[in-house]
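Enquirer: Attaching a predicted model along with its sequence, questions to come.
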Amino acid sequence: MSSELWKEALRYFPGGVNSPVRAAVKPYPFYVSYGKGAYIYTEDGNSLIDYVLGYGPLILGHANEYVKEKVIEQIEKGWLFGIPSRVEIELAKKISLHMPSIEKIRFVNSGTEATMNAIRLARGYTKRDKILKFNGNYHGAHDYALVDAGSAASEFGVPNSEGIPEEVLKTVIVCEYNDLQCVEKKLKNEDVAAVIVEPVMGNMGVIPPEKDFLKGLREITSTYNTLLIFDEVITGFRLSMGGAQEYFGVTADLTTLGKIIGGGFPIGAFGGKREIMDMLTPSGKVFNAGTFNANPISMSAGLATLEVMERENVIEKTTYVAEKVTEELERIKYPHVINRVKNMFQIFFGVEKVSNATEARRAKKEVYLQFQINLMKNGVYFPPSQFESVFTSLAHYDDNIISDTILAIKKSSELS
Ligand SMILES: Cc1ncc(COP(=O)(O)O)c(C=O)c1O
Ligand SMILES: NCC(=O)CCC(=O)O
């Protein structure tokens with residue numbers, strides 16, 4: 001039973017969990033027994049249509065057969081060598097084919113490591129210390145990212161984490177998302193190594209960039225010789241095979257990836273212009289290393305996932321599901337706004353517009369939570385936090401799953 005497991009977990013883990021957002025499920029987290037396709041099955045014998053999907057990586061759904069086959073094939077051969085293997089080249093080739101701005105890449109093990117290293121590389125390359133990020137953007141859980149951060153940092157009221165040295169904080173400049181004037185002013189007055197941005201914000205709910213925001217960032221950063229880092233940990237291989245860069249027609253100097261490219265296994269990556277990437281060890285003097293970097297299991301699962309995506313028009317199918325689900329959400333009587341870009345979306349109650357983190361924080365979180373709990377009772381799992389994105393997968397591309405979801409939304413819409 002989940003209730004018993006939770007009691008035990010509280011004894012062993014701070015706050016009962018190993019990543020904070022998991023504790024946001026009310027009244028206590030349910031424990032998953034297994035997942036298949038669009039469904040998760042709980043220790044309490046319930047099934048839920050899953051719109052969280054491991055917070056984004058599982059774009060094919062749970063336990064996809066092809067990915068499973070490829071991972072098992074790799075497991076038969078061994079799972080860690082600390083020696084290069086063929087599959088890392090195959091995955092790099094595929095990523096670079098779809099994202100031509102990635103001329104060279106380094107595989108790491110989480111989105112956190114990806115942004116931490118991309119920032120260090122930008123500093124090494126430009127010989128400048130400062131970086132600029134946006135209020136509510138989440139770039140993982142390292143020191144330089146936990147300033148006005150979204151996701152669980154906002155959900156649990158710690159957008160600015162304790163434990164980060166003052167000296168570090170002085171190097172992080174924050175602007176409001178979609179505010180180009182702020183960026184222009186800061187870059188003019190300070191030596192900034194890099195601007196790092198989520199090209200679609202997926203960590204304050206979903207917030208799209210306003211028209212010309214990303215193009216504007218490209219122009220301003222070029223003017224001041226500041227690097228532009230697109231954090232595509234969520235958007236990479238989600239908005240299009242070429243990520244947000246292809247979707248919006250804007251090219252970054254460095255790109256960070258994670259989630260989908262590991263097919264559900266731990267992964268992160270950062271890549272970009274050859275000239276910048278070659279500053280990394282061992283060809284250059286900016287250090288990065290990792291026991292599990294490019295581990296063959298994550299590489300195989302990622303490669304298999306991208307192969308299915310190429311074959312099966314996954315982005316359009318997942319977008320279709322998101323369209324159908326949001327059409328039903330639109331019918332909810334309680335005043336709300338829905339932000340959707342392709343196959344990622346979120347609903348905000350009690351506000352008319354959400355175009356930055358400040359506006360997202362004004363939404364009625366308690367109404368969202370009430371809706372999320374109602375949905376769980378009716379067999380559908382949305383993120384337990386307002387500040388996460390709803391995702392769809394290939395496994396959701398099924399009339400029965402879509403109609404069951406629509407029915408659950410209808411039954412869950414009595415909100416006060
Ligand atoms: C945009 C973005 N960057 C970085 C990260 C950090 O990735 P990870 O949780 O793999 O460390 C996340 C995680 O959600 C993210 O959404
Ligand atoms: N959008 C933020 C995440 O996906 C992070 C999930 C986690 O840290 O558990």
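Expert: Ah, there it is. Ligands and ions are numbered 1, 2, ... in the order given.
Enquirer: Burial check on residue 5, number of neighbours?
Expert: 16 (other Cβ atoms under 10 Å). Glycine gets a C-beta too; all of them are placed from N, C-alpha and C.
Enquirer: Would you mind giving the secondary structure of it?
Expert: helix (DSSP: H, G, I helix; E, B strand; the rest coil).
Enquirer: need the contact list for it.
Expert: Residues in contact with residue 5, defined by Cβ atoms under 8 Å, 6 or more residues apart in numbering, are 31, 43.
Enquirer: for residue 410, same thing?
Expert: residue 328.
Enquirer: Can you pull the phi/psi pair for residue 2?
Expert: The phi/psi pair for residue 2 (degrees, to the nearest 10) reads phi -60, psi -40.
Enquirer: mind checking pLDDT for it?
Expert: pLDDT recorded at residue 2 is 98.
Enquirer: so how far is residue 35 from it?
Expert: Residue 2 sits 15 Å away from residue 35, going by Cβ to Cβ, to the nearest Å.
Enquirer: Ok, residue 216 next?
Expert: For residue 216, the distance to residue 35 - Cβ to Cβ - is 41 Å.
Enquirer: repeat for residue 49
Expert: 11 Å.
Enquirer: ok, now residue 117?
Expert: Taken as Cβ to Cβ, the span from residue 117 to residue 35 is 31 Å.
Enquirer: before we move on, what about residue 331?
Expert: For residue 331, the distance to residue 35 - Cβ to Cβ - is 29 Å.
Enquirer: List the buried residues in stretch 190-206.
Expert: 192-206 (16 or more other Cβ atoms under 10 Å).
Enquirer: Contact partners for the residue of the chain found nearest ligand 1?
Expert: Of the residues in the chain, the one nearest ligand 1 is residue 111, at a distance of 2.2 Å by Cβ to the nearest ligand atom. Applying Cβ under 8 Å, 6+ apart to residue 111 gives the contacts 139, 140, 231, 233, 256, 257, 258, 259, 268.
Enquirer: what about the helix or strand bottoming out on mean pLDDT in the chain and ligand 1, touching?
Expert: The helix or strand with the lowest mean pLDDT-type score in the chain, counting by mean pLDDT, DSSP states H and E, is helix 152-155 (a mean of 92). No: judged by Cβ under 6 Å from any ligand atom, helix 152-155 stays clear of ligand 1, getting no closer than 9.0 Å.
Enquirer: And for stretch 246-257?
Expert: No: contact of stretch 246-257 with ligand 1 is not found when judged by Cβ under 6 Å from any ligand atom; the minimum separation is 6.6 Å.
Enquirer: what's the distance between that stretch and the middle of its chain?
Expert: The chain centre lies 15 Å from the centre of stretch 246-257; the measure is Cα atoms, centre = their mean, to the nearest Å.
Enquirer: Just the terminal-to-terminal distance for that stretch.
Expert: Stretch 246-257 has an end-to-end distance of 14 Å (Cα to Cα, to the nearest Å).
Enquirer: Same check on stretch 348-366?
Expert: 10 Å.
Enquirer: what about residue 411, helix or strand, and which?
Expert: helix 399-412 (DSSP states H and E).
Enquirer: now residue 282
Expert: Here residue 282 is assigned to no helix or strand, by DSSP H and E.
Enquirer: What distance do you get for it to residue 116?
Expert: 19 Å.
Enquirer: Of the two, which one has the most company?
Expert: residue 116 (23 against 8).
Enquirer: And the more buried one, how far from residue 141?
Expert: Distance from residue 116 to residue 141, by Cβ to Cβ: 9 Å.
Enquirer: residues in the stretch 201-350 of the chain within reach of ligand 2, list them.
Expert: residue 203.
Enquirer: Close to ligand 1: what parts of the protein are there?
Expert: So the chain meets ligand 1 at 55, 110-112, 115, 138-140, 198, 202-203, 231, 233-234, 258, 268 (Cβ under 6 Å from any ligand atom).
Enquirer: Now do the residue of the chain closest to ligand 1 against residue 291, distance only.
Expert: 18 Å.
Enquirer: Same check on residue 268?
Expert: 14 Å.
Enquirer: Neighbour count: the two, which is higher?
Expert: Between residue 268 and residue 291, counted using other Cβ under 10 Å, residue 268 has the larger neighbour count: 28 against 8.
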